[in-house]
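# okay, sequence plus prediction incoming.
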Amino acid sequence: MSGVNSDSEQSVRLPAPMKEARDGGRGIRDVWQWLGTSGDAAGTNGARVFWAAVSLTAGLVAIINTLNIITIRHDNPKWGLAGPIIWEATSWVALMAFLWIPWIGFRLAPPLQRPWWRVAVVHPVGAFVFGVCHVSGFVFLRKAIYWVFGAEYDFGAVVPNFLYEFSKDWMGYAMQVVGFALFARLLQPAAQAPGETMYTIRDGARIVRVPLRDILAVASAGNYVEFALRDGRRVLMRSPLSAIEAEFAAHGFVRVHRSWLVNAMQMTGLKPEGSGDYTVELGALNVPLSRRFPDALARLRAT
């Protein structure tokens, strides 16, 4: 189980009540978490790493493709300009369409991390699949474009031409995995300030460490709890809400609803809703406060 470790604003609106996770197994939300997106492509470190590396790759490959067009045009003027543009553009589109393959390879087996056997198995397979998908993708696109204009695209002898393309694709795959690793290092969260209390959120093998003050609220989601963070992330962990309540009680968190805990120190407003119910405002995040929790109301009023 995760724990609170003592080592010395932007918010998001969440629905209330939360949708509950299915009992047993890992749902699609858990898959997105493992892939590093957590269902919110703009708000997680994993997604920032992915899109930063992909954006850089898109720009660099576009420059290389443009230089290739100029070179082909110079060396073989009889081919004209349309052919080289189609060849290079379709290669770029197919490459970008399948960059999720080296991303999964990176997530499964980060380079220079043990176990080594996983790196040795995952990346050769990933490079081969990436090469097959890239070549198949641009060949399909070229044939389709040529067909539209009443012509026919001939890839030539399949085996030698694929081996030629694969000799470039495995290197592209390796460079992309290294790029993901470099951006993961560059974009890792800054070290915490001295004396700042950190909390470790664990979801299987995935670990997210955040300052406790950046947790705005915790919501029950079936067999899981979902942490609403100050930067907009929503991170799941398998745990009952009661266990988190007991763990966070000494750090200013208050149970305001059968499905919610809030960080009392981050409350920005308290709005009556009638019949004794309230809404706890934590920036842009609204959490229900049930009339069945009068002690929580009194504590928040005194905060």
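All right, it came through fine.

# show me where this structure has strands.
Using DSSP state E, the strands assigned to the chain run over residues 4-6, 197-203, 206-211, 215-221, 224-229, 234-238, 253-257, 260-263, 269-274, 277-282, 285-289.

# pick the most buried one from those strands.
Mean neighbours per residue, mean count of other CB atoms under 10 Å, is largest over the strands of the chain for strand 260-263, with a mean of 26. For every residue, glycine as well, the C-beta is placed using N, CA and C.

# centre of the chain to that strand, how far?
When distances are taken as CA atoms, centre = their mean, to the nearest Å, strand 260-263 is centred 25 Å away from the chain's centroid.

# and that strand, what does it pack against?
The contact analysis (3 or more CB pairs under 8 Å, 6 or more residues apart in numbering; DSSP states H and E) places strand 260-263 against strand 215-221, helix 241-248, strand 253-257, strand 277-282, strand 285-289.

# and A52, what does it touch?
By CB atoms under 8 Å, 6 or more residues apart in numbering, the contact set of A52 is F183, L187.

# go on, I207?
I207 makes contact with T200, I201 under the criterion CB under 8 Å, 6+ apart.

# save the helices and strands packed on strand 260-263 as JSON lines, and put in distance to F227 and mean pLDDT too.
Shown next, in JSON lines, are the helices and strands packed on strand 260-263 (distance: least, CB to CB, whole Å; pLDDT from 0 to 100):
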{"stretch": "strand 215-221", "distance to F227": "5", "mean pLDDT": "94"}
{"stretch": "helix 241-248", "distance to F227": "9", "mean pLDDT": "90"}
{"stretch": "strand 253-257", "distance to F227": "11", "mean pLDDT": "93"}
{"stretch": "strand 277-282", "distance to F227": "13", "mean pLDDT": "92"}
{"stretch": "strand 285-289", "distance to F227": "12", "mean pLDDT": "93"}
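
# quick one on the thing from earlier: let me have the strands of the chain in TSV, extended by distance to V158.
TSV is the format used below for these (distance: least, CB to CB, whole Å):
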stretch	distance to V158
strand 4-6	57
strand 197-203	44
strand 206-211	41
strand 215-221	50
strand 224-229	48
strand 234-238	45
strand 253-257	62
strand 260-263	59
strand 269-274	66
strand 277-282	60
strand 285-289	56
